[in-house]
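Visitor: I would like the atomic coordinates for the input below:
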Amino acid sequence: MYVIIITMIRVAHIMPTEYQENLVADGMCFDIQMSLAHLVLEDVSYRELFSKPIRSSFLILDNSAFELGESIDSNDLMLAIAKVSPDEIVLPDSLYNHNSTMELMQDFIARHRDYLSNMSLMAVPHGKSIGEYIESYRIMSSLDYVSTIGIGTIYNDKFAEDGILGREKIVRELVRRNLVADKAHHLLGLGDSGNIELIRLSKYDFIRSCDSSAAYVNACTGTRITSDGYKKDRIKVDFSANFDKRTYKIMLHNMKTLEEAAKRGEDSRSRSRE
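Guide: This next block holds a predicted model:
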């Protein structure tokens with residue numbers, strides 16, 4: 001008989017500190033996590049959640065460009081790296097601007113490459129058009145120090161066409177042009193109906209992981225994510241928000257729904273004899 005191997009896009013859920021502390025207290029294990037650099041520097045309780053001795057997951061440190069509008073200062077990013085010892089960092093980037101992103105990345109690498117030698121480095125391509133984006137991807141994926149490519153949810157609306165979200169359009173175009181790099185790929189954030197997007201993108205086995213606050217943000221409004229999708233509120237997560245039991249329960253449901261959507265079944269074509 002055929003053996004079906006189930007793998008998945010690994011989901012890093014983003015939520016306030018007290019909610020994450022409750023998950024830990026409830027014995028939940030994290031396969032992958034994402035921490036935000038500016039909060040690592042500003043919030044001791046938040047930082048302690050990601051301290052090396054107590055975590056068992058793969059930790060990505062984001063440069064906070066989405067939350068702040070621009071990456072934090074390179075020196076501050078290095079301070080955050082020193083505090084949580086991440087497995088992977090998101091290199092500095094400038095939203096929608098390839099040239100500026102390249103300048104930020106190259107300057108950061110030039111100053112800190114020796115220190116970063118044992119870490120996975122994620123580059124984030126940018127462009128104002130699909131053509132510019134694809135060229136940015138081609139250049140960044142060719143860099144020897146880049147081990148992961150991050151694809152931002154900010155392009156879902158910008159490049160959307162004929163009912164297809166922009167990020168899927170990017171992925172399809174990369175596949176069509178045979179440009180997909182032999183590197184891990186990470187989906188930076190989820191927007192509206194992120195569970196449906198995960199189902200559609202889960203067939204691409206080069207997509208390793210994603211991060212999202214959708215489970216928590218939807219729970220705040222009492223919204224349970226269903227197979228019909230959802231409309232995500234455009235709100236920033238208040239990481240100091242007080243714990244609410246009802247919101248927590250809905251968040252757990254939403255986390256499970258997103259993780260189910262991220263699963264993919266692969267026919268291994270192996271057979272066993274009975």
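Visitor: So what touches stretch 94-106?
Guide: 65-66, 69-71, 74, 91-93, 123-128, 132-133, 135-136, 139-140, 152, 154, 158 (Cβ atoms under 8 Å, 6 or more residues apart in numbering). Heads up, the C-betas are built off the backbone N, CA and C, glycines and all.
Visitor: roughly how far out does that stretch sit from the chain middle?
Guide: 19 Å (Cα atoms, centre = their mean, to the nearest Å).
Visitor: Can you pull out the low-pLDDT segments for the protein?
Guide: 1-6, 52-56, 265-274 (pLDDT under 70).
Visitor: Repeat the analysis, applying 80 as the threshold.
Guide: Residues of the chain meeting the criterion pLDDT under 80: 1-7, 29, 51-56, 233-235, 264-274.
Visitor: and the longest helix for it?
Guide: For the chain, the longest helix by residue count, based on DSSP state H, is helix 245-261.
Visitor: who touches that one?
Guide: By Cβ under 8 Å, 6+ apart, helix 245-261 touches 8, 11, 13, 15, 19, 22, 190, 194-196, 198-199, 202, 212, 214-216, 218-220, 222-226.
Visitor: Can you list the residue ranges for helices in the stretch 51-200 of the chain?
Guide: Remark: helices assigned in the stretch 51-200 of the chain by DSSP state H, counting those that start in this stretch are 65-68, 74-84, 98-112, 130-141, 155-158, 166-176, 194-201.
Visitor: Only the buried members of the contacts of stretch 94-106: can you turn that into a PyMOL selection?
Guide: Buried residues among those (16 or more other Cβ atoms under 10 Å), as a PyMOL selection:
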select buried, resi 65+66+70+71+74+91+92+93+123+124+125+126+127+132+133+136+140+152+154+158
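Visitor: ok, of the contacts of helix 245-261, which come out buried?
Guide: Here, 16+ other Cβ under 10 Å leaves 8, 11, 13, 15, 19, 22, 190, 194-196, 198-199, 202, 212, 214-216, 218-220, 223, 225 buried among the contacts of helix 245-261.
Visitor: Buried residues of the longest helix of the chain, list them for me.
Guide: Quick answer for helix 245-261 (16+ other Cβ under 10 Å): Thr247, Tyr248, Ile250, Met251, Leu252, Asn254, Met255, Thr257, Leu258, Glu259, Ala261.
Visitor: on that earlier part again, which among the helices of the stretch 51-200 of the chain is found nearest to Ile235?
Guide: Nearest to Ile235, of all the helices of the stretch 51-200 of the chain, is helix 65-68, at 11.9 Å by Cβ to Cβ.
Visitor: Give the other helices and strands that that closest one contacts.
Guide: Helices and strands in packing contact with helix 65-68 are not found; criterion 3 or more Cβ pairs under 8 Å, 6 or more residues apart in numbering; DSSP states H and E.
Visitor: Having no further points to raise, I will conclude here.
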